[in-house]
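Asker: kindly generate the corresponding structure for this input.
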Amino acid sequence: MDPKQKLIAVSVGAVCGLIIVALAVLLVMQIGAMNAAREARDSLEASINSHYAEKPYPSKANREIRKQDAEAYTAWADRAHLAFTHGLQVPQGESSSQFVSRIGEVVRKLNERQAPTTVATNAQQPQVMDYSFGRYVVQGVIPKDADVPRLAEQFAAIEYVCTLLFDNGARTITAVTREQFDAAAQPEQEETSSRRRSRRRRTDEDETPAAASGAAISPILAKDGIRRESYAITFTAPYTAVAKTLNELTSGQLFVAITDLSMRAPVSVSARVDELVKKRQAVKSNAARRAAASRSATERQKQQAAADKPLFEGASPAERLVSDPAHAMPLEVTLRFDIYSAPAAAPAPATDKKEGN
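Answerer: Reported below is the predicted structural model:
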């Protein structure tokens, strides 16, 4: 073999060796990838097998639990709605004149329970408490027939709370406010209302939903037909009367929400304290003078002992600096509250339809 043939043989052998080495490297790499793919396959197979091994959801037990939850939620919602249906008894089918006559008699009876006060404007013409219905019981206005049902509900609520206050010991009721939906419109309001009527029709859908009668409330409550009426009553009463009234309002069947309660003493506490201290000091001074002027030693010792006592020792409950609620001075109270109501749910109509064919 000549040198040229040897060179060609060596070159071909080197190339073949390189090819064999490259194939060996590729084989090793493919073996590693194959092992990784096998591990991924085995992991997915185990995951799928575990999913198939799980119990199906919702299973029969799951459906029973969800059904029981739905029944419990429905029963709770029914009980909550029922709490709004315990309203006050209101005469049905009253005419406007009958309504005015009835509330006039009730207002007269309530005013007879008012304690004597100095609320008169002059000696000849005392102030008349109309309980926010002065247009009808004082001015003699006859309401519209369409307004009578809601007016009757408002008056029933005011009569109920005022009677409760008097029964619990309130002295006087000085002011009552309600939503004056029946107030006469002012002339300028009547002029502008006609121009705005068409525009209001277009924007009614965008406004906050309100109850059929009453102040605007949450859309969720309004959707269920729940109504709200807001009231405020200002009165004078001892603290015990206020506490009893609040307890009865919040524990009764009528759905009442107390929105605000403000109380203040009609007399300054510091002025009351100064007055009581002066009275007790005067009593002690008189006892000391009587002791000095007494000729009897026994009487002198008795008067001196009275003069040496602590300032408020032996004072009656009404003369103490800190009196108990039963003897405390009446408070001036303003009570604001909302009454929620809803019509009773009508019974579901009976159906004779049968399931299936």
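Asker: quick check: residue 138 vs residue 162, distance?
Answerer: In this structure, residue 138 lies at 17 Å from residue 162, with CB to CB, to the nearest Å as the measure. C-beta: built from backbone N, CA, C; applies to glycine.
Asker: hmm, I was thinking of residue 172
Answerer: 11 Å.
Asker: give me the more crowded residue out of the two.
Answerer: residue 162 (22 against 19; other CB atoms under 10 Å).
Asker: which helix or which strand is home to the more buried one?
Answerer: Taking DSSP states H and E as the criterion, residue 162 maps to helix 148-167.
Asker: which elements pack onto that helix?
Answerer: Helices and strands touching helix 148-167, by 3 or more CB pairs under 8 Å, 6 or more residues apart in numbering; DSSP states H and E, are helix 96-112, strand 172-178, strand 227-237, helix 239-251, strand 331-341.
Asker: so how far is the last one off the chain centroid?
Answerer: Its chain's C-alpha centre and that of strand 331-341 lie 12 Å apart, by CA atoms, centre = their mean, to the nearest Å.
Asker: could you look up the next helix or strand downstream of the worst-scoring helix or strand of the chain on mean pLDDT?
Answerer: One helix or strand of the chain scores below all others by mean pLDDT, DSSP states H and E: helix 187-203, with a mean of 47. Next helix or strand after helix 187-203 toward the C-terminus (DSSP H and E): helix 219-223.
Asker: can you pull the buried residues of that next one?
Answerer: When neighbours are counted by 16 or more other CB atoms under 10 Å, the buried residues of helix 219-223 are found to be 221, 222.
Asker: one more: stretch 235-254?
Answerer: So stretch 235-254, judged by 16+ other CB under 10 Å, has buried residues 235, 236, 237, 238, 239, 241, 242, 244, 245, 246, 249, 254.
Asker: angles on the backbone of the spatially closest residue to the fourth one that is not a sequence neighbour, please.
Answerer: To tie it back to what came earlier, the one meant is residue 238. The spatial neighbour of residue 238 that comes closest, neighbours along the chain excluded (CB to CB, 6 or more residues apart in numbering), is residue 330 at 5.5 Å. Note on residue 330: backbone dihedrals following degrees, to the nearest 10 are phi -60, psi 150.
Asker: how deep is residue 330 tucked in, by neighbour count?
Answerer: 19.
Asker: so who does it touch?
Answerer: 171, 236, 237, 238, 266 (CB atoms under 8 Å, 6 or more residues apart in numbering).
Asker: if we go to 6 Å?
Answerer: With CB atoms under 6 Å, 6 or more residues apart in numbering as the criterion, the residues that contact residue 330 are 171, 236, 237, 238.
Asker: the second one contacts residue 173, doesn't it?
Answerer: No - under the criterion of CB atoms under 6 Å, residue 236 lies out of contact with residue 173, with a separation of 8.2 Å.
Asker: surely residue 338 touches residue 227?
Answerer: No - taking CB under 6 Å as the definition, residue 338 is not a contact partner of residue 227, at 10.2 Å.
Asker: which of the two has more neighbours?
Answerer: Using other CB under 10 Å, the more surrounded residue of residue 338 and residue 227 is residue 227, with 22 against 16.
Asker: residue closest to the middle of this structure?
Answerer: Note on the chain: the residue nearest the mean C-alpha position is residue 257, at 4.6 Å, using CA atoms, centre = their mean.
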